[in-house]
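Q: My questions concern the predicted model and sequence given below.
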Amino acid sequence: MTSQAAVAGAPVPGQHTCQIRSDFAGQTRVVRVTGRLDWVTAGELRDLLRDGCSNPGVVIDLRATTGIDSAGVGILLAATARLRERGQQLAFVATDPFLVGVLCSTGLEMVVPIVDTETEALSRFDAALGA
């Protein structure tokens with residue numbers, strides 16, 4: 001039997017939903033995360049950031065992220081280390097006070113800018129990359 005919510009395409013309670021979209025703004029890859037970034041959904045982001053990111057700049061837009069757990073935070077920390085090791089620029093876009101607090105509790109804001117808009121992140125890259 002199929003529930004009405006599943007037929008309508010609405011999330012089923014307890015279901016882990018996350019969409020990860022990747023676009024480009026010039027030389028910068030912009031990764032937008034929508035939904036819950038958790039132990040069920042974080043692998044897709046990990047794979048994208050590990051295997052598919054050779055751009056000089058990467059923006060991870062978390063404004064539409066509705067929740068995050070330790071696995072999601074771990075992916076962001078690992079991505080930060082990996083991208084910095086490769087010499088790539090990175091910025092997070094986040095406005096939710098809880099999510100910003102979680103990121104800051106790890107010390108990420110000391111090594112990666114956490115900004116309010118994608119435009120602000122891209123302008124930082126333009127200056128750093130000499131565009």
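A: Right, received. Where do you want to start? Numbering: from 1, shown residues only.

Q: so residue 37 bridges to which residues?
A: Taking DSSP bridges, one obtains residue 68 as the residues bridged to residue 37.

Q: So it sits against residue 19, correct?
A: No: counting by Cβ atoms under 8 Å, residue 37 sits too far from residue 19 to count as a contact (10.5 Å). Backbone N, C-alpha and C define where each C-beta goes, glycine included.

Q: Show me which of the two is the more surrounded one.
A: Neighbours were counted for residue 37 and for residue 19 using other Cβ atoms under 10 Å; residue 37 has more, 27 against 11.

Q: residues contacting residue 22?
A: Residues in contact with residue 22 (Cβ atoms under 8 Å, 6 or more residues apart in numbering) are 29-32, 48, 52.

Q: Now, those residues that are in helices?
A: Members of the contacts of residue 22 lying in helices (criterion: DSSP state H): residue 48.

Q: and which of the contacts of residue 22 is nearest residue 97?
A: Lowest distance from residue 97 to the contacts of residue 22 (Cβ to Cβ) belongs to residue 32, with 19.7 Å.

Q: since we're on that closest one, how many residues are nearby?
A: Look at residue 32: counted by other Cβ under 10 Å, it has 18 neighbours.
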